[in-house]
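Engineer: only geometry, no sequence info:
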RNA sequence: GGGCCGGUAGCUCAGUUGGUUAGAGCAGGGCACUCAUAAUGCCUUGGUCGCGGGUUCGAGUCCUGCCCGGCCUACCA
């Protein structure tokens, strides 16, 4: 029976790039979605950018642009990254949308009608200079307990004491450096306790949660009265103003999950679908995939809100663990904070999809990315076992095509059909690592078959051509089964298999019927082995992108300064004569006759282009530069060089030769912006 | 401090309701093969299942204490 399934991944915050930690979730969800589609179910998959809150407001302010501009750009970057990893959303929306505003109002109305909203005064620190209330992490000061300086507003890292930011000694706003003052404002609270009984039942029954999550909620929150939830923030705040409480805004965590519904609705409008079938129809199964850090919001507040507003409740909330790299938290200093973008510049996304699949289970254990294991696993499993099946048999078969009748294969095909049910069950339960193990067993069996059948021997005997065709028919059909079973994880491999065998893969049950009598295209390489050097480069690039701002000591040499002492003092007027601009490298080519020069075309935004000859040939490859942002001295007099006119200078440090380091602006900068 | 989840071969992990000599993949060693991206196949080395008690005819599997690790939490969760 065909199910109707609505799936979501958590909404990434529009304050930073997607990194490989985020991707655990999106890849996990996407695999599950693709699997369900392959099983013939009707599946829609929604996500959106989470765009509200103080952090966004502050950042936009720092960057001197509107919040809308900031979130539009982040959304674009996020969607590009997701597309790069073949994450197939049905629709990718934004919490800053009209649909979301209306839905927030609707749910809010329901909470009011249920008499669950109360008002209370809350005292918070207020930054008079920045004109905003300060969340705990925007305040620093001296710990009132142990007197350790420079501690955040909620707890002390030295003595582990917790306190209110109001108790900090000598508090300082990290936004403006001003001394914040306590101010009192009216906040709106949702009385979650009124839903206690419902939540007891919902969390503990009906397999909505993994058992450890249900235990955790039971022992942690549900055994005592649920506290009121503060869902409002006073202006200024980037978000939606509460219609019946002017000057107050919904807290970002109120409107964020509603974004799931809003994204659905935006898609329904676009696609002409009936919205009520998805969130107001019990026949639709709703599945949320989230990280364990946001369990609380998704398993208590969220079902309560849905219940009160009479939306569908989640069929299941799937919680996963965090990513560690090499057994440790991702670290910018160690180069293990790898963004999706950086990864894609160096490695094939299929690698990560498979690696994560091979490590993901139904429980919320943390998942470790061990880069040596990563490389070994891809090489051994995907290249050595799976793709190898096609690559060692397709060549023989492309001359003859597949046999018309399926040959005797010792029961291999039938066993793989049987295994397919176990594999499907593993996928269904999010036990992807089990699914991968089972699939690899099939690949082992298929390789063994080819080894014994020795098609390369048959190929040398003119009277064995029929046997050869039969052997290849078996081998390629076993390969195709595996490609089908792997297709939720490796959609690209599935496409390549379709091309090789000239037949589309539409559903899981395609693995049950052998392909016969069809042509076999010439074999093309499907997947390359992992280039270890690219892994190193990726780590190096991640390390360079952002140095750790932590408190470790630095031991930089004083030699560079000795080599080139400071220049004579200048005035600000001297400085502003130099017009430095952000520019994007749109083309870069080798100047063959030159020892040091690359010819680089820069964009200053719009149609504005500059051609610059830069002496960085020994340090950078042209293809690595394209797309990068650099700093250009834009009002330098043009200079004739042997190979053309150079219209500016790209800023870099270093002694020359291989020791050249380009300056590049932080993310968010736009070509044409002046550097002040 | 409290809670949750783990601790099984060098590494990553399986081990169903307690039951005969504890498994797989990778890595290591040996052999074979040469169709394939130095791929594949066969054989093989390797574990007092964190430690100590207990229940039982019998425990990696149940109970208990301890040690270690990860994460969550300590009143805008």
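Structural biologist: Alright, I've got the coordinates. The structure displayed is predicted, hence computed values, not measured ones.

Engineer: next helix or strand past the lowest-mean-pLDDT helix or strand in chain A?
Structural biologist: The helix or strand of chain A with the poorest confidence is helix A:559-563; it has a mean of 65 (mean pLDDT, DSSP states H and E). Downstream of helix A:559-563, the next assigned helix or strand under DSSP states H and E is helix A:572-577.

Engineer: what's the helix or strand just after that following helix in contact with?
Structural biologist: Remark: after helix A:572-577, the chain's next helix or strand is strand A:580-590, criterion DSSP H and E. Outside strand A:580-590, the residues within contact range by C-beta atoms under 8 Å, 6 or more residues apart in numbering are A:598-604, A:609-610, A:617, A:622-623, A:625-634, A:650-651, A:665, A:669-675. Every residue, glycine included, has its C-beta placed from N, CA and C.

Engineer: distance from the chain centre to strand A:580-590, please.
Structural biologist: Offset of strand A:580-590 from its chain centre (C-alpha atoms, centre = their mean, to the nearest Å): 28 Å.

Engineer: mind listing what's buried in that strand?
Structural biologist: A:580-585, A:588 (16 or more other C-beta atoms under 10 Å).

Engineer: state the mean pLDDT of that strand.
Structural biologist: On average, the pLDDT along strand A:580-590 is 82.

Engineer: right, and the helix or strand after it?
Structural biologist: Past strand A:580-590, further along toward the C-terminus, the next helix or strand under DSSP H and E is strand A:598-603.

Engineer: packing partners of that next one?
Structural biologist: Contact analysis of strand A:598-603 by 3 or more C-beta pairs under 8 Å, 6 or more residues apart in numbering; DSSP states H and E lists strand A:580-590, strand A:609-614, helix A:622-625 as its packing neighbours.

Engineer: can you list the buried residues in the shortest one?
Structural biologist: What that stands for is helix A:622-625. Buried residues in helix A:622-625, defined by neighbour count with 16+ other C-beta under 10 Å: A:622, A:625.

Engineer: hang on, the earlier thing: can you select the buried ones from the contacts of strand A:580-590 in PyMOL?
Structural biologist: Selecting only the buried entries of the contacts of strand A:580-590 in PyMOL, with 16+ other C-beta under 10 Å as the criterion:
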select buried, chain A and resi 598+599+600+601+602+603+604+610+617+622+625+629+630+631+632+634+650+651+669+671+673+675
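
Engineer: which of the contacts of strand A:580-590 come close to RNA strand B?
Structural biologist: Among the contacts of strand A:580-590, no residue lies close to RNA strand B (C-beta under 7 Å from any atom of the strand).

Engineer: identify the residues contacting the closest residue to residue A:367 other than its chain neighbours.
Structural biologist: Of all residues not flanking residue A:367 in the chain, residue A:359 sits nearest, at 5.0 Å (C-beta to C-beta, 6 or more residues apart in numbering). Neighbour list for residue A:359: A:367-368, A:433 [criterion: C-beta under 8 Å, 6+ apart].

Engineer: now residue A:359: how far from residue A:295?
Structural biologist: Separation of residue A:359 from residue A:295 (C-beta to C-beta, to the nearest Å) stands at 21 Å.

Engineer: kindly report the same for residue A:332.
Structural biologist: The spacing between residue A:332 and residue A:295, counted by C-beta to C-beta, is 26 Å.

Engineer: low-confidence ranges, the stretch 51-200 of chain A, go.
Structural biologist: Along the stretch 51-200 of chain A, segments meeting pLDDT under 70 span A:145-146, A:154-162.

Engineer: okay then, goodbye and thanks.
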